[in-house]
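**Q** the amino acid sequence is not available; the structure is as follows:
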């Protein structure tokens with residue numbers, strides 16, 4: 001059965017999208033078939049992070065605007081083929097594209113009806129490409145589009161930095177998600193801290209853990225180059241690189257279905 005994970009953050013700049021790209025590639029390197037869906041249609045970036053050039057005829061933006069699940073194949077990019085990277089598994093992307101920004105005004109973000117339609121799209125995507133994982137890149141903060149993305153995922157991953165606003169916002173976000181799920185089957189989740197380094201980060205991490213009432217096991221080290229440019233380090237860097245090691249350990253722990 002396909003696992004569906006929503007990637008979420010309270011604030012932008014948390015490293016959520018670049019983390020999704022690294023995790024997706026790490027899974028494909030392990031022989032998994034992975035689909036990525038970019039629901040952050042207002043500020044898309046996965047197409048650029050994955051260093052793609054050829055745009056598909058359709059996109060996630062137009063799928064949501066015109067609600068046409070038949071157009072799924074016209075919206076999908078085979079990332080390994082497009083980027084000329086040999087992968088043991090397959091990696092696919094339904095991108096949102098800046099090209100289709102004019103379609104944004106026509107999207108009706110009623111969470112219930114949109115989630116019903118998006119579920120049909122995801123089912124088509126999953127069956128057509130025999131996916132093991134689907135990773136949703138959500139818009140930051142609370143919005144109807146992010147609520148739809150949370151409804152689509154069976155699990156969620158929350159990404160944050162350790163500045164004061166991010167800690168306060170992530171604490172509020174985690175507690176809000178718990179309250180929303182009271183009386184329901186609580187989905188699996190994990191929290192990832194990005195840009196982690198130094199004594200101040202350890203103190204801030206302790207505050208965040210106390211506020212959300214759980215231990216955070218995943219910390220992506222601060223890296224000057226990654227801070228300035230998005231990079232798929234599981235492809236570009238040596239196996240002993242600290243950032244690559246951190247992503248691969250996260251994948252080995254949270255995405256191990258064996």
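**A** Yes, it's here. In this text, all values refer to a predicted model and were calculated from it rather than measured experimentally.

**Q** the longest strand seen in the chain packs against which elements?
**A** Across the chain, the longest stretch assigned as strand under DSSP state E is strand 188-196. Counting contacts by 3 or more CB pairs under 8 Å, 6 or more residues apart in numbering; DSSP states H and E, strand 188-196 packs against strand 155-160, helix 164-180, helix 198-212, strand 218-221, helix 242-254. Using the backbone N, CA and C atoms, a C-beta is placed for each residue, glycine as well.

**Q** out of these, which gets nearest to residue 127?
**A** Minimum separation from residue 127 across these (CB to CB) falls at strand 155-160, 20.1 Å.

**Q** now the angle between strand 188-196 and that closest one, please.
**A** 20 degrees (axes from the mean of the first three to the mean of the last three CA atoms, to 10 degrees).

**Q** pull out the buried positions in strand 155-160.
**A** Buried positions in strand 155-160, judged by neighbour count with 16 or more other CB atoms under 10 Å: 156, 157, 158, 159, 160.

**Q** got the angle for that strand vs helix 164-180?
**A** 160 degrees.

**Q** show me what strand 155-160 is packed against.
**A** Going by 3+ CB pairs under 8 Å, 6+ apart, strand 155-160 lies up against strand 3-9, helix 164-180, strand 188-196.

**Q** ok, now how distant is the closest residue to residue 158 other than its chain neighbours from residue 215?
**A** With CB to CB, 6 or more residues apart in numbering as the criterion, residue 158 has its nearest non-adjacent residue at 4.9 Å, and that residue is residue 191. For residue 191, the distance to residue 215 (CB to CB, to the nearest Å) stands at 9 Å.

**Q** the two - which one has more neighbours?
**A** Neighbours per residue (other CB atoms under 10 Å) separate residue 191 from residue 215, with residue 191 holding more: 20 against 8.

**Q** was I right about the more buried one contacting residue 170?
**A** Yes. At 7.5 Å, residue 191 counts as touching residue 170 under the criterion of CB atoms under 8 Å.

**Q** residues making contact with the longest strand of the chain?
**A** 14-15, 19, 154-162, 170, 174, 177, 201, 205, 208, 212, 214, 216-222, 227, 250, 254 (CB atoms under 8 Å, 6 or more residues apart in numbering).

**Q** from those residues, keep the buried residues only.
**A** 14-15, 19, 156-162, 170, 174, 177, 201, 205, 208, 212, 216, 218-222, 250, 254.

**Q** select the longest helix from the chain.
**A** Scanning the chain for the helix with the most residues, using DSSP state H, yields helix 111-129.

**Q** that one packs against which elements?
**A** Packing contacts for helix 111-129, counted by 3+ CB pairs under 8 Å, 6+ apart, involve strand 33-38, helix 60-66, strand 90-94, strand 133-137, helix 144-152.

**Q** for residue 109, find the nearest of the ones you listed.
**A** Closest among the helices and strands packed on helix 111-129, using CB to CB: helix 144-152, at 3.6 Å.

**Q** quick one: distance of that closest one to the chain centre.
**A** Centre-to-centre, helix 144-152 and its host chain are 12 Å apart (CA atoms, centre = their mean, to the nearest Å).
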